[in-house]
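Q: Sequence and computational prediction follow.
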Amino acid sequence: MPGFEIFGEEEKRQIADVLDTGVLFRYEFTEQRRGIYKVREFEEKFAAYTGAGHAQAVTSGSAALKVALTALGVGPGDEVITQGFTFVATWEAILEVGAIPVFTEIDTTLNMDPDDLKNKITDQTACIIPVHMCGSAARIQQIKAIADARDIPVLEDTAQSVGARIRGQHLGTFGTCGTFSFDPVKTITTGEGGMVVTNDPELHRKMMEYHDHGHDHVINPGGRGGEGRSFYGFNYRMMELQGAIGIAQLAKLDSMLAAQRKNKNRLKEAVAKIPGVTFREQIDPHGDSATFLAFTLSDANHRKKVGTVLQEHGAAAICWAENTWHFYRRWEHLLGERTLVNNGWPFAAGGKRRFVYDPQDLPQSASLLDRTLVYPISIRMSETKLKDMEAALEKASQV
Ligand SMILES: *Cc1c(COP(=O)(O)O)cnc(C)c1O
């Protein structure tokens, strides 16, 4: 699953370059840095790797979503559609820009259901955020076509799927822009960090300026203090140390994915022996980043039995319906409209509620997730570990 497993000499060497110059800031310090620009280099390499025209590094995957939404011009009064199975950061970012999150069902891809997306689009829809959950693609081409027909931008939340592709094209590059996360449990990590990619130079310019207080980064004799600005921004700048680690991690990504695919295929064979089991639908099985193995049982009762046996035999799997961070019905702080803002914003404005979430919404997603179990796949899984898991799965196939 994550880059922390293979943190090593390459990362240390990259960090040493930065420590040798003592320049931790991505801009300025021209003489002292001796030509070393790690964040810029990471951006260039990330863009080249994914095949995107531009990449903008930021402080986190959450910040990447907010910076992208802001640059797309999304704000109060707008609705943004995402799926009810994602990490909370996706809708937090929507609320952060003052817009209203609208949730779709997921389908057998465990990602956005394009049919339900059509039901949820209104005149207020300002952006659509499909999430490529757990290393595997949403029906992004279908979603993009629906959005294009209505001239709505698509932001792909690719936080969990760096390196995943559909017939060679990287997830995150199908939409108007795509965001990535490098937090400690993601496939490549910089401790904290994120990236937005886009082919649109104007959108990239807005993101670059916004993430740095509006600095226009046009060289001028007065230096950084004398740069111009077209609008106000905020600070979501990545540090040089993070950029350095990112360069080392990115160089290892393809070999990490290859190792995960091997481990995943092996476990998949063992899971396939469970009667009635089906696997998550893959748009392109070869492009899956293999960070997770998701399998679905015929009913919730069977899922519970299988889950219990696996747990008893030391091979516990995750049930996302029970996990409190990833599924709509478990987000009591969203459903309960809990905010620190005294006047109730963003759930209320002018003393009125802006929207209401029904805890019984998304029955199709609930039914799917209730029947589904998921294994995170590691890069390093010992023969003993794999054998133990296979034995547990053998037991589970008998309940
Ligand atoms: C991790 C994650 C994020 C947020 O990334 P951070 O770097 O942790 O802020 C956003 N969306 C999804 C789907 C994620 O899994």
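A: Arrived safely, thanks for sending.
Q: Apart from its chain neighbours, what residue comes closest to the residue of the chain found nearest the ligand?
A: When C-beta to the nearest ligand atom is the measure, the chain has its nearest residue to the ligand at Gly61, with 2.4 Å between them. Just so you know, the C-beta spots here come from the backbone N, C-alpha and C atoms, and that holds for glycine as well. When the adjacent residues along the chain are set aside, Gly61 lies closest to Ser181, with 2.5 Å between them (C-beta to C-beta, 6 or more residues apart in numbering).
Q: can you count the residues close to Glu312?
A: Using other C-beta atoms under 10 Å, Glu312 has 12 other residues around it.
Q: One more: Gly344?
A: Neighbouring residues of Gly344 were enumerated by other C-beta under 10 Å; the total is 16.
Q: that older thread, doesn't Ala63 make contact with the residue nearest to Gly61?
A: No. Assessed by C-beta atoms under 8 Å, Ser181 is found out of contact with Ala63, at 9.4 Å.
Q: of the two, who's got more company?
A: Between Ser181 and Ala63, Ser181 has the larger neighbour count (other C-beta under 10 Å), namely 29 against 26.
Q: now Ser161: how far from Asp288?
A: When C-beta to C-beta, to the nearest Å is the yardstick, Ser161 and Asp288 sit 9 Å from each other.
Q: Quickly list what's touching both of these two.
A: Between them, Ser161 and Asp288 share the neighbouring residues 135-137, with contact defined by C-beta atoms under 8 Å, 6 or more residues apart in numbering.
Q: need those residues in TSV with neighbour count and distance to Ala147, can you?
A: Conversion of the shared contacts of Ser161 and Asp288 to TSV gives the following (neighbours: other C-beta atoms under 10 Å; distance: C-beta to C-beta, whole Å):
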residue	neighbour count	distance to Ala147
Gly135	27	23
Ser136	26	20
Ala137	27	16
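Q: Pick out whichever of the residues you listed sits closest to Ser298.
A: Ser136 (21.4 Å; C-beta to C-beta).
Q: where's the closest one relative to Gly178, distance?
A: The span separating Ser136 from Gly178 equals 15 Å under the rule C-beta to C-beta.
Q: what does Ile128 give?
A: Look at Ile128 and Gly178: by C-beta to C-beta, they are 13 Å apart.
Q: hang on, the earlier thing: show me which of Ser161 and Asp288 is the more surrounded one.
A: With other C-beta under 10 Å as the criterion, Ser161 and Asp288 differ in neighbour count, and Ser161 comes out ahead with 30 against 25.
Q: Now the element after the particular helix or strand that has Ala93 in it, going C-ward?
A: Element membership for Ala93, per DSSP states H and E: helix 89-96. Moving toward the C-terminus from helix 89-96, the first helix or strand encountered (DSSP H and E) is strand 100-104.
Q: Neighbouring strands of that next one in the sheet, and parallel or not?
A: Strand 100-104 sits in its sheet next to strand 79-83 (parallel), going by DSSP bridges.
Q: Give me the phi and psi for the nearest residue to Pro153 once chain neighbours are set aside.
A: When the adjacent residues along the chain are set aside, Pro153 lies closest to Thr176, with 4.0 Å between them (C-beta to C-beta, 6+ apart). The phi/psi pair for Thr176 (degrees, to the nearest 10) reads phi -60, psi -40.
Q: what about the residue nearest to Ala99 when sequence neighbours are not counted, neighbour count?
A: Leaving aside its sequence neighbours, Ala99 sits nearest to Asp78 (C-beta to C-beta, 6+ apart; 4.3 Å). Neighbouring residues of Asp78 were enumerated by other C-beta under 10 Å; the total is 18.
Q: check contacts around Asp78.
A: Taking C-beta under 8 Å, 6+ apart as the definition of contact, the neighbours of Asp78 are 98-100, 124-127.
Q: ok, and for stretch 299-318, which residues are buried?
A: Within stretch 299-318, the residues that qualify as buried by neighbour count (16 or more other C-beta atoms under 10 Å) are 300, 302-304, 306-307, 309-310, 313, 315, 317-318.
Q: Thank you kindly, that will do.
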